[in-house]
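> predicted structure and sequence below. I'll ask about it afterward.
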Amino acid sequence: MSQAALCIPILPPAISRAVQVLPLLPLSLSLTAYSRRVAKNHPSLFRRLGDYGHARFILDPTDLPFVIYLEPNGGAPRVTVRRRSVTADGEARIAGPLAALLGLVHGAYDGDALFFSRDLVVEGDTAAALALRNAVDDAELDLAEEIGGMSGPLAKPLHRLIGFIEGRTGVFLSRPEEVAPW
């Protein structure tokens with residue numbers, strides 16, 4: 001086991017089994033709506049994808065019983081969640097623990113270090129995966145802030161809950177410099 005693997009939280013199998021019964025269509029629709037909000041707030045992210053703005057990305061949180069297919073569609077993204085059948089022919093597949101994938105989005109983990117330590121696996125169209133990584137790095141996304149922006153009057157309690165979850169699990173749900181001890 002690599003040193004980086006020792007620092008990356010892995011979801012307990014009980015959580016993975018619990019989410020296995022979730023219906024995937026509502027999750028897909030929710031993630032699509034969420035990604036469209038991100039697209040609206042960060043249009044440069046999709047412009048930065050360039051030639052890969054219509055590529056298909058497979059995000060594979062290895063500690064969950066499903067994979068996430070992301071199709072940027074030039075700024076009108078669509079997200080589909082499917083059970084574990086994964087192929088990466090002509091697609092970019094990025095696999096690793098959920099905490100590592102979220103940590104990459106938030107700039108908490110170095111993608112190169114995770115890749116070379118084999119805590120992160122990139123398969124298929126690696127040029128598309130690199131374009132996605134660069135676009136996400138440049139956008140400096142904070143997924144918790146995006147959720148808070150959608151929450152209206154529940155934003156403040158939600159931020160406290162997110163801070164509590166981050167503190168208890170070590171999973172980055174927001175950018176590290178934005179994490180406040182609520």
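Structure's in. What do you need? Numbering: from 1, shown residues only.
> can you list the domain ranges for this protein.
Per automatic domain parsing, the domain ranges recorded for the chain read 3-141, 142-182.
> and the host helix or strand of Ala14, what does it pack onto?
Following DSSP states H and E, one finds Ala14 within helix 13-19. The contact analysis (3 or more C-beta pairs under 8 Å, 6 or more residues apart in numbering; DSSP states H and E) places helix 13-19 against no helix or strand. In short, each C-beta sits where N, CA and C put it, glycine included.
> list the buried residues in it.
Ser16 (16 or more other C-beta atoms under 10 Å).
> distance between it and the chain's centre?
On the basis of C-alpha atoms, centre = their mean, to the nearest Å, helix 13-19 sits 18 Å off its chain's mean C-alpha point.
> let's see it as CSV, backbone CA atoms only.
Provided in CSV are the C-alpha atoms of helix 13-19 (Å, rounded to 0.1, in the frame of the first residue of the first chain):
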residue,chain,number,x,y,z
PRO,A,13,-18.3,-1.3,3.1
ALA,A,14,-21.5,-0.7,5.1
ILE,A,15,-22.0,2.6,3.3
SER,A,16,-21.3,1.1,0.0
ARG,A,17,-23.9,-1.6,0.6
ALA,A,18,-26.4,1.0,1.9
VAL,A,19,-26.2,3.1,-1.3
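> got the contact list for that helix?
63-66 (C-beta atoms under 8 Å, 6 or more residues apart in numbering).
> next one: stretch 73-85
The contact list for stretch 73-85 (C-beta under 8 Å, 6+ apart) reads 24, 27-28, 31-32, 34-36, 38-39, 43, 46-47, 53-54, 65-71.
> cross those residues against strands and list the overlap.
Among these, the members falling in strands (DSSP state E) are 66-71.
> so which of the residues you listed is the closest to Ala131?
Leu70 (12.6 Å; C-beta to C-beta).
> if I look at that closest one, how far off is Ala129?
11 Å (C-beta to C-beta, to the nearest Å).
> so which of these two has more stuff around it?
Ala129 (24 against 21; other C-beta atoms under 10 Å).
> measure the spatially closest residue to that one that is not a sequence neighbour to Thr126 for me?
Excluding the flanking residues, the one nearest Ala129 by C-beta to C-beta, 6 or more residues apart in numbering is Ala92, at 3.9 Å. For Ala92, the distance to Thr126 (C-beta to C-beta) stands at 7 Å.
> quick one: which of those two has more around it?
The neighbour count for Ala92 versus Thr126, taken as other C-beta under 10 Å, is higher for Ala92 (24 against 14).
> let me see the backbone angles for that one.
Backbone torsions for Ala92, taken as degrees, to the nearest 10, come to phi -100, psi 120.
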